[in-house]
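**Student:** Fold the following.
(one chain, ligands or ions: 1)
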Amino acid sequence: MQASEAWGERWSNAVLPMARRYMEVACEKQSLVCLAADRNTMAGLMDLIGEVGPYIAALKTHVDLVDDWSLEKWTELCNLAQEHNLLIFEDRKFADIGKISKAQMGGIYDIRSWSDIVTAHLISGPDIVDGLQSAWQEKDREGGVLLLAQMSSRGNLLTEEYSENVVQVGVQSDGVLGFIGNGSRPEELKTLRMRVGEQKMIWTPGVNLNVGDGEMGQRYGDPYEAVLAGSDCIIVGSGIHRADNPAEVAKQYAQVSWKALINR
Ligand code: S5P
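**Tutor:** Got it, this is the predicted structure:
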């Protein structure tokens, strides 16, 4: 199926090249799954990507939780991700002022050189998006920022009013790929989608085929419901990487997410 057909308005309204790239990859793979690869060894990560690579569209990393990280091994991981045609998403949740966030795209991890997408809070104001975009530009690379508009964890401090403000600023900003919305509450997602409109993406963590409470305040909703409510990408971590057969389970998430998009 053509991306324009599957994605409808989201495709025709997209401004950022990264948005279309994601939609194309998702169509090729028939999967709206972003794997939250929260394993803390390079070998564990490589095994995981090797197993589930065919069933996911994006790879979400937390580069700073890996025990045996090295640039050499990370380059291998990025190459493997590219072989599987995955977008690489560093979930760094930047939050500082623009120039410092820009500098933090460099440093030892050099996130600007390999990430296609990063997350940011808008707590410091709109210049953070320009800071992150200019870090990619200096490396002649394209990227997209996902702003945290909601969170999945209980008791979080992202109030309705704050969320509305994030969306208001974010929809106007060319460097913004979209928003992180809370996948554990479909009603909240519907409200978010209404506020966001049809142009920007909503990516949702807090989804699991087993709905309910997770560890340390994490909450889970149903991935099918999340996509119907307006999510464009389901971010799944432990549901896949802790499963006995990650490939089989990843395939299930892919099928559920694709079916939901087609029905939407
Ligand atoms: O509100 C949020 C935002 C994010 S990006 N809640 C989240 O859980 N996340 C991330 O999604 C979190 O950092 C983790 O990598 C993933 C969820 O993992 P799971 O194991 O609970 O599925």
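
**Student:** Show residues contacting the helix or strand bottoming out on mean pLDDT in the chain.
**Tutor:** When the helices and strands of the chain are scored by mean pLDDT, DSSP states H and E, strand 212-213 comes last with a mean of 92. Identification of contacts with strand 212-213 by C-beta atoms under 8 Å, 6 or more residues apart in numbering yields 219, 220. Any C-beta I mention is one placed from the backbone N, CA and C, and that applies to glycine too.

**Student:** And what about the residue nearest to residue 201 when sequence neighbours are not counted, helix, strand or coil?
**Tutor:** Nearest non-adjacent residue to residue 201, counting by C-beta to C-beta, 6 or more residues apart in numbering: residue 178, 3.0 Å away. The three-state assignment at residue 178 reads strand, by DSSP: H, G, I helix; E, B strand; the rest coil.

**Student:** number of nearby residues for residue 178?
**Tutor:** When neighbours are counted by other C-beta atoms under 10 Å, residue 178 registers 28.

**Student:** so what's it bridging to?
**Tutor:** According to DSSP bridges, the residues that bridge with residue 178 are residue 146, residue 201.

**Student:** re the thing from before, partners of the least confident helix or strand of the chain, with directions?
**Tutor:** Partners of strand 212-213 in its sheet, by DSSP bridges: strand 219-220 (antiparallel).

**Student:** Look up the pLDDT of residue 189 for me, please.
**Tutor:** For residue 189, the pLDDT comes out at 97.

**Student:** Quick one: residues contacting it.
**Tutor:** Per C-beta under 8 Å, 6+ apart, neighbours of residue 189: 150, 181, 182, 183, 202, 204, 226, 229, 230, 231.

**Student:** The first one sits in which helix or strand?
**Tutor:** Residue 150 belongs to no helix or strand when elements are defined using DSSP states H and E.

**Student:** Touching, it and residue 184? I think so.
**Tutor:** No. Contact criterion C-beta atoms under 8 Å: residue 150 and residue 184 do not qualify, at 9.5 Å.

**Student:** Is the residue in the stretch 1-150 of the chain that the ligand sits nearest to bridged to anything, and to what?
**Tutor:** Closest to the ligand within the stretch 1-150 of the chain is residue 36: 3.7 Å, counting by C-beta to the nearest ligand atom. Taking DSSP bridges as the rule, residue 36 bridges to residue 60.

**Student:** Need the nearest residue in space to residue 163, chain neighbours excluded.
**Tutor:** residue 149 is the one closest to residue 163 (C-beta to C-beta, 6+ apart), at 5.0 Å.
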